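>>> Just need the structure, nothing else, for what follows:
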Amino acid sequence: MISKDISILNETGIHARPAAVFVSLATKFKSEIYVMNDEKKANAKSILHIMSLGIDKGSIITISAEGEDEEAAVDRLTELVESKFGEE
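From the prediction side, this is the model:
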């Protein structure tokens, strides 16, 4: 298992559009992928789970993955978050 902490930089946090982009990318990987915000953990391949985390600007989330492509999954999802989901 591999994991990485990352800060959310988007002004609006992770709302519906960035959540959809995140989930779309996550589903391309075979590994099990999760996102944690505070004490809540969500399946990264479910938009409802991601939206339920209530991730705001400044939140520090943990992206974790376990499986054959875990490192690539965490790296690509981290890059997506760092790019502010292409919003800014």
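>>> how long is stretch 42-56 end to end?
In terms of CA to CA, to the nearest Å, the two terminal residues of stretch 42-56 are separated by 15 Å.
>>> Now the terminal residues of stretch 13-33, how far apart.
End-to-end span of stretch 13-33 (CA to CA): 20 Å.
>>> contacting residues around the residue lying farthest from the centre of the chain?
For the chain, the C-alpha lying farthest from the average C-alpha position belongs to Glu68; by CA atoms, centre = their mean, that distance is 18.3 Å. By CB atoms under 8 Å, 6 or more residues apart in numbering, the contact list for Glu68 reads 30-31. Every C-beta, even on glycine, is put in place using the N, C-alpha and C of the backbone.
>>> let's see 10 Å
Contact partners of Glu68, counting by CB atoms under 10 Å, 6 or more residues apart in numbering, are 29-31.
>>> From the residues you listed, keep the buried residues only.
The neighbour count (16 or more other CB atoms under 10 Å) marks 29, 31 as buried among those.
>>> List just the nearest of the contacts of Glu68 to Lys4.
Lys4 has its nearest neighbour among the contacts of Glu68 in Ser31, at 13.4 Å by CB to CB.
>>> So for the closest one, what's the nearest residue that isn't a sequence neighbour?
Gly67 (2.9 Å; CB to CB, 6 or more residues apart in numbering).
>>> got the phi/psi numbers for the one you found?
The phi and psi values for Gly67, taken as degrees, to the nearest 10, are phi 150, psi -170.
>>> so where do the strands sit in the chain?
According to DSSP state E, the chain carries its strands in the segments 2-7, 32-37, 40-43, 60-66.
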